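S.K.: Just to be clear, the model below is a prediction. Sequence and coordinates:
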Number of protein chains: 10
Amino acid sequence: MLVRLLYASRAAGALTAVEAMPAILRQAKANNPEHGITGVLCCSDDMYLLVLEGGRPAVNRMYNRIVADPRHRDVELLGYEPICERRFAGWAMGQVNLTRLNPGVLLKYSPSATLDPFAVSGAASMALLDELVATASVGCQG
Amino acid sequence: MLVRLLYASRAAGALTAVEAMPAILRQAKANNPEHGITGVLCCSDDMYLLVLEGGRPAVNRMYNRIVADPRHRDVELLGYEPICERRFAGWAMGQVNLTRLNPGVLLKYSPSATLDPFAVSGAASMALLDELVATASVGCQG
Amino acid sequence: MLVRLLYASRAAGALTAVEAMPAILRQAKANNPEHGITGVLCCSDDMYLLVLEGGRPAVNRMYNRIVADPRHRDVELLGYEPICERRFAGWAMGQVNLTRLNPGVLLKYSPSATLDPFAVSGAASMALLDELVATASVGCQG
Amino acid sequence: MLVRLLYASRAAGALTAVEAMPAILRQAKANNPEHGITGVLCCSDDMYLLVLEGGRPAVNRMYNRIVADPRHRDVELLGYEPICERRFAGWAMGQVNLTRLNPGVLLKYSPSATLDPFAVSGAASMALLDELVATASVGCQG
Amino acid sequence: MLVRLLYASRAAGALTAVEAMPAILRQAKANNPEHGITGVLCCSDDMYLLVLEGGRPAVNRMYNRIVADPRHRDVELLGYEPICERRFAGWAMGQVNLTRLNPGVLLKYSPSATLDPFAVSGAASMALLDELVATASVGCQG
Amino acid sequence: MLVRLLYASRAAGALTAVEAMPAILRQAKANNPEHGITGVLCCSDDMYLLVLEGGRPAVNRMYNRIVADPRHRDVELLGYEPICERRFAGWAMGQVNLTRLNPGVLLKYSPSATLDPFAVSGAASMALLDELVATASVGCQG
Amino acid sequence: MLVRLLYASRAAGALTAVEAMPAILRQAKANNPEHGITGVLCCSDDMYLLVLEGGRPAVNRMYNRIVADPRHRDVELLGYEPICERRFAGWAMGQVNLTRLNPGVLLKYSPSATLDPFAVSGAASMALLDELVATASVGCQG
Amino acid sequence: MLVRLLYASRAAGALTAVEAMPAILRQAKANNPEHGITGVLCCSDDMYLLVLEGGRPAVNRMYNRIVADPRHRDVELLGYEPICERRFAGWAMGQVNLTRLNPGVLLKYSPSATLDPFAVSGAASMALLDELVATASVGCQG
Amino acid sequence: MLVRLLYASRAAGALTAVEAMPAILRQAKANNPEHGITGVLCCSDDMYLLVLEGGRPAVNRMYNRIVADPRHRDVELLGYEPICERRFAGWAMGQVNLTRLNPGVLLKYSPSATLDPFAVSGAASMALLDELVATASVGCQG
Amino acid sequence: MLVRLLYASRAAGALTAVEAMPAILRQAKANNPEHGITGVLCCSDDMYLLVLEGGRPAVNRMYNRIVADPRHRDVELLGYEPICERRFAGWAMGQVNLTRLNPGVLLKYSPSATLDPFAVSGAASMALLDELVATASVGCQG
């Protein structure tokens, strides 16, 4: 049973989301392959938007760790669905720094040119992620 | 919650719609970005046809100002719908002077070659706007 | 061209929405028939939720008057669509005092048992209105 | 934004799920109404199956508390979706003791007559819950 | 090839539509059966709304006679479609005097409680006719 | 309200359809633009097949004139439908002399390689017209 | 492979269809069961309308015999389709004498109140047969 | 993962299918519950038609035993599909002796009134089984 | 009314299907155009597979002649349907000698690499014919 | 009746699946053509995944032999369906050694980068096979 899980969270602690991102990515790249988890992590100044794909138990174990992780607060599920095929199979953990994006991309799916996944539907955040992949805005360097 | 709102109005006051357009566009371009509003304004001699996209409260605040604006009379909603994705994301306020268009474009969606959004369905006016975008008839200069 | 328009607003001025309702209904019942407008007005302590059905120009003239009416503020469109058939044809202006409803009815369509059409989709507010009609919760006495 | 969340977990600590159920229900009934959360809790000897409905942030805050609650282990999301209308609006927290059910009901949706939501799709667990509601097998007494 | 044809016209000449109706019905009842034509004729003070069903050539011959008939002016097609099965098979020529109807029936499908098929879509006029049949408002007496 | 009307007729009077065509086209090109009517006229030796698009009243006025025109007999509606968009917007009155066509084109939509719109469904005649447009068989010279 | 075959034919030879019917039915009832063929035979003065259901080879052998039978001329297929389930399983060979039917039943599906399956689509003839079955107009006596 | 498997086989060995049925049912009723398998067994003189529902591995283990069982030859799969819900949950092993059925039931789904699942599609055999259940023709006594 | 008819038959008499084909094609090419019939004839050693398109009466007259033709036996309808547009309009009578085809083409639609339309569904035979047309395997030389 | 059958099994006996594959393929290529069977065989270290297409009796005879073959254990059906057209018509028996594949291909359809058809749905295994064909990863050399 493969699932796709999308959530948002706010950065907690001393570091902003952008500052904390390299460490989070390093960790993800080290651990995800052995659990068969793939995905993409976006961050803006103080928020994360993350999509995870993998086996249902593995994705849940990782999500439960994130809920308990002191670097995240306001962890909020945006979408969760059984899938037949991964959409983000190419990344152990892809990454997007949304603060460097063309603001127009964000505007297309949200009321303002700022990432606020807490204010929009999960479908809108997922559509933004799909557009980032389609326009090759996802990188794989930590 | 993103919405798209389409309305028509007639020019009120001393100026025709074509004459009043530059001032309206200047104002729109100055104010829309901070409210996350995008759209396209068409005018013929004495009428406006306008589509607005943005967050639901912002679009409504702007529409309520237009209803109260003495430069517009017979303000009439033609369409309003929740959207997942903007169609006119590229324009803080695009513009079309319909008096300069090939009359055949107007004819395709209405009984005569003159803009009369009050006489046709909102869907027909929206189809006209989509065709104007698709045929690169929308400009962005005030 | 028949249309259905759904909006919410907050009571402005000295009276709460519940207190202002009788006068609003009297006025609606006096004026709507000659303009072919039918609908239902809901109020809670400080909010209105109103659906109007009728010819497109008549519904727009009435909506524009509401936007300009000092008894309403934060007037916000929730839905607007061309219709083939009225759903609320039976009421020159039906009425529902939501403060007297079983709270469970509100809960079914919204995050809490309080009317807040500003926080939910237009479809959710419309579904609430449909349920009120289906369960005979709409009255016609001012 | 209303959501429905379905998860399974195993009882952790000294009490079985059936033994721990009364305390969990008491707590739920005390806290859920103020957060606008409704749902149904099923338990078998050592497992819980729970569906929550409510506003997206409220449901997430509750789910995050469950993930961190030492009475639950192996907390696993089975389903999560935006909804227009609650299906379990009638229960602050309904309850089903699956050990007292006709085994045939469990058999209809799973390979054996024992509850094992970890081994079946979320859709199967949801179908079981719907059948329990349809056959009036849900109680509201703690 | 069976077809259904719906048209509206205004009464021309000295008689109102209501006054001219008995003669028109007598004629229809005398001639329609031999041509296999069935239908329903509605009239208000100065307008007719008529639906004809039958073989394509027969329905066209009758429509062409109506276009040339001095008792009708502004003859306007509202709908025309191939059909597999007649909907008004029971009437050589059914009849409805719309001036005696509950005004609410007209209001359901049009902007005002007056018959004006020239101002609404053919689908709306057809829906009105269907409702008249469903509510047994069609008579067969001339 | 835009509509599309398709009819067939036989040439009446001294001239064959092919001979009468130039005069009919000249008239159409002179009058149609001011009424916002566009269309295509096909003729074979003794038959016409014509599609008209435009506002509902204008198309009906023209059709009623054709019904009364002594150059046409057996005028028979083949199709009539509300449209959102014209399909033949490019021609004040396009023309096709079917006697010069590859017979295979006629064969594709009818039992024999001769135009006989009276014997086939309106959909078949419309499909033939669409193919003529798609294969650039429509001319605009009178 | 079960199939359903519908055809029409005209009576040939000295007897009318109604006169020849008893002998045809006797034969059918004697032979059909062993070939697993079921169906319904309708006749009017000079025409037959017959539906056969059964295995593909058996139905074809019977149809080929009918084509060669001197009591039938103008044998014309109206419909033929693979089926999963018989619709006329109850009759070794049901029968309807259409000359005794309410003419309104025939009128519902054809341009005149006379059976003429050669002039209408196979779907219309099949719809007539279905209505005859639904209204218990099919008998089983030879 | 629940699956439904439908197969046919011919009786091998000294006993006919009808004679061997009691022993097969006794065995099935003894073993199926512990493997969570439910189903229905039909037999005619020399054939079996059996539907099994249960977890994928359990259903396969049973099917593989049947393939190897000397009482069956010509074992042939007719259908196999993942299911969300059992259709035959009520029978550890229901039974139908097709030799005692009204022959019309068999005729409805097959070319002759004899069971021959080898000659028809799996869908036809499944439809027969569904009809047997719907008409209460399934027993549970060995 | 255009129809498409597909049938199979076996060669009867002294000649194999391949040997008889030239004469059959000559005859078809001589007669079909005047009756508006088009189609494709396939043959293997001892079988024909033929699709005919044209007016309903013409196609039936030809089919009835084939049923009576001593060069054919086991004539079996495989498909028959009303069509809006011919698919084989290009051939008075196209031809395919299946014994010269890549056996893989036959295998794609049937259990073995030999043409046996009697053993497969009409849809499979039609799919084979469509593939032959799409891959330009149809010739027009007798 | 064509069917497609997909199953998985584990290698039994002294040889791993990869070691046993050449002999299995040689046998398949020798026997499949005469039975009209085509397909693709995948193996990883200790598992087989095989899709077979062909006539229903032939595919079943082969499957029954595999169930009884001592080189296979845990033979488990993953999918079985009637088909109109083969998807793997090009291979008497294609082959894929999954141990040499890019692990990403396996990951796309399963929780980990290892073939485990026993743990995923038949649809997921079939999707993997389709991708292998689409990306030309299937060979035909034994």
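M.R.: That came through, no problem.
S.K.: Shouldn't A:Trp91 be within a helix?
M.R.: No - assessed with DSSP: H, G, I helix; E, B strand; the rest coil, A:Trp91 is coil; it does not lie in a helix.
S.K.: Now do the phi/psi pair for it.
M.R.: Phi and psi for A:Trp91, reported as degrees, to the nearest 10, are phi -120, psi 120.
S.K.: Count the residues that sit near it.
M.R.: Residues within reach of A:Trp91, counting by other Cβ atoms under 10 Å in any protein chain shown, total 21. (C-beta placed from N, C-alpha, C; glycine too.)
S.K.: Ok, A:Ala14 next?
M.R.: The number of residues packed near A:Ala14 is 8, by other Cβ under 10 Å.
S.K.: Next one: A:Leu2 from chain E, what distance?
M.R.: 46 Å (Cβ to the nearest Cβ, to the nearest Å).
S.K.: how near is that residue to A:Ile66?
M.R.: Using Cβ to Cβ, to the nearest Å, we find A:Leu2 at a distance of 19 Å from A:Ile66.
S.K.: if you look at the longest helix seen in chain A, does any of it touch chain D?
M.R.: The longest helix of chain A (DSSP state H) is helix A:17-35. No - judged by Cβ under 8 Å from any Cβ of the partner chain, helix A:17-35 and chain D are separated, with a smallest distance of 14.4 Å.
S.K.: And stretch A:113-128, by the same measure?
M.R.: Yes - part of stretch A:113-128 sits near chain D under the criterion Cβ under 8 Å from any Cβ, namely A:Phe118, A:Ser121, A:Gly122, A:Ala123.
S.K.: Just the buried residues of the strand or helix carrying A:Val105, please?
M.R.: Following DSSP states H and E, one finds A:Val105 within helix A:103-109. Under the neighbour-count criterion of 16 or more other Cβ atoms under 10 Å in any protein chain shown, helix A:103-109 has A:Val105, A:Leu106, A:Leu107, A:Lys108, A:Tyr109 buried.
S.K.: What is it packed up against?
M.R.: Packing partners of helix A:103-109 (3 or more Cβ pairs under 8 Å, 6 or more residues apart in numbering or on different chains; DSSP states H and E): helix A:122-134.
S.K.: What residue in chain A comes nearest to chain B?
M.R.: Proximity of chain A to chain B (Cβ to the nearest Cβ) peaks at A:Pro111, 2.9 Å away.
S.K.: Outside of the longest strand along chain A itself, list whatever touches it.
M.R.: Taking DSSP state E as the criterion, chain A has its longest strand at strand A:72-83. By Cβ atoms under 8 Å, 6 or more residues apart in numbering or on different chains, the surrounding residues in contact with strand A:72-83 are A:1-12, A:48-49, A:53, A:56, A:66-67, A:117-118, A:121-123, A:125-126, D:3, D:5, D:56-57, D:60, D:63-64, D:77, D:79-81, D:121-123.
S.K.: Swap in 6 Å and give it another go.
M.R.: A:2-10, A:12, A:66-67, A:117, A:122, A:125-126, D:60, D:64, D:77, D:80 (Cβ atoms under 6 Å, 6 or more residues apart in numbering or on different chains).
S.K.: Only the buried subset of these, as a ChimeraX command please.
M.R.: The buried residues among the contacts of strand A:72-83 can be selected in ChimeraX (16+ other Cβ under 10 Å) with this line:
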select /A:2,3,4,5,6,7,8,9,12,66,67,117,122,125,126 /D:60,64,77,80
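S.K.: Counting only strands, which of the contacts of strand A:72-83 make the cut?
M.R.: Going by DSSP E, the strands hold A:Leu2, A:Val3, A:Arg4, A:Leu5, A:Leu6, A:Tyr7, A:Ala8, A:Ser9, A:Arg10, D:Leu77, D:Tyr80 from those.
S.K.: And the residues you listed, which two are furthest apart?
M.R.: A:Leu2 and A:Arg10 (28.1 Å; Cβ to Cβ).
S.K.: For A:Gln27, grab the count of nearby residues.
M.R.: Quick note: A:Gln27 (other Cβ under 10 Å) scores 12 neighbours.
S.K.: Might you report the residue contacts of it?
M.R.: Contact partners of A:Gln27, counting by Cβ under 6 Å, 6+ apart, are absent.
S.K.: hmm, back to that, okay if I get the buried residues of helix A:103-109 as CSV plus pLDDT?
M.R.: Listed next are those as CSV, based on pLDDT from 0 to 100:
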residue, pLDDT
A:Val105, 85
A:Leu106, 87
A:Leu107, 89
A:Lys108, 92
A:Tyr109, 91
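S.K.: Turn those residues into TSV, columns for distance to J:Gln95.
M.R.: Formatted as TSV, the buried residues of helix A:103-109 follow (distance: Cβ to Cβ, whole Å):
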residue	distance to J:Gln95
A:Val105	45
A:Leu106	48
A:Leu107	51
A:Lys108	46
A:Tyr109	45
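S.K.: Among those residues, which one sits closest to H:Pro22?
M.R.: Taking Cβ to Cβ as the measure, H:Pro22 lies nearest A:Tyr109 of the buried residues of helix A:103-109, at 66.3 Å.
S.K.: Verify the stated contact: that closest one with A:Ala127.
M.R.: Yes - look at A:Tyr109 against A:Ala127 with Cβ atoms under 6 Å: they come within range, at 5.4 Å.
S.K.: how much space between A:Cys84 and E:Ala119?
M.R.: 51 Å.
S.K.: Who is the most centrally placed residue in chain A paired with across the strands?
M.R.: Closest to where the C-alpha atoms of chain A average out (Cα atoms, centre = their mean) is A:Leu50, at 1.3 Å. Bridge pairing for A:Leu50 (DSSP bridges) gives the partners A:Tyr7, A:Leu41.
S.K.: Many thanks, we can stop here.
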